[in-house]
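[1] here is my input; please provide its structure:
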Amino acid sequence: MSMYASVLAARHTRWSALPADAIAEGIDRQMVWGTRLMGCRLRVAPHVVAAVHSHEQVTLITRGRGHSLVDIFTPVREDFLPADAGGRA
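    Numbers count the residues shown, from 1 in each chain. A predicted model of the protein is given here:
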């Protein structure tokens with residue numbers, strides 16, 4: 001079972017246990033998802049500027065050793081999913 005497949009089966013998962021993918025310079029993304037809902041945590045390095053979003057979404061901004069954003073999507077963003085999880089990425 002891949003790490004992504006094991007995430008699908010989990011009910012409680014720590015962010016620290018999830019793989020992170022670099023999606024842009026200074027931005028790493030971790031994801032959890034179900035059949036209709038997806039959560040993505042973006043870890044953003046200091047002084048990184050992200051593009052403006054023009055679609056509806058919920059974003060939670062957290063602080064810690066850096067800045068994190070948690071985006072919540074419904075339906076699931078299939079373009080974000082890895083190929084071994086049935087996505088188009």
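[2] which residues touch residue 74?
    36, 37, 38 (C-beta atoms under 8 Å, 6 or more residues apart in numbering). In short, each C-beta sits where N, CA and C put it, glycine included.
[3] how far does stretch 20-33 sit from the chain's center?
    On the basis of C-alpha atoms, centre = their mean, to the nearest Å, stretch 20-33 sits 6 Å off its chain's mean C-alpha point.
[4] give the buried residues for it.
    Neighbour-count burial for stretch 20-33, counted by 16 or more other C-beta atoms under 10 Å, picks out 27, 28, 29, 30, 31, 32, 33.
[5] using CSV, write down the CA coordinates of it.
    What follows is stretch 20-33 as a C-alpha-only set of coordinates in CSV (Å, rounded to 0.1, in the frame of the first residue of the first chain):
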residue,chain,number,x,y,z
ALA,A,20,5.4,16.9,1.5
ASP,A,21,5.8,17.9,-2.1
ALA,A,22,7.6,21.1,-3.2
ILE,A,23,5.0,22.8,-5.5
ALA,A,24,6.9,26.0,-6.0
GLU,A,25,10.1,27.7,-4.6
GLY,A,26,9.5,28.1,-0.9
ILE,A,27,6.2,26.3,-0.8
ASP,A,28,5.6,22.6,0.3
ARG,A,29,2.2,20.9,0.2
GLN,A,30,0.8,18.0,2.2
MET,A,31,-2.6,16.6,1.5
VAL,A,32,-5.4,14.5,3.1
TRP,A,33,-8.6,13.7,1.3
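[6] tell me which residues are up against it.
    7-8, 10, 13, 15, 18-19, 38-45, 47-48, 50, 76, 80-81, 85.
[7] need the buried residues of stretch 20-33 in TSV with pLDDT, can you?
    TSV is the format used below for the buried residues of stretch 20-33 (pLDDT from 0 to 100):
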residue	pLDDT
27	91
28	93
29	92
30	93
31	90
32	88
33	87
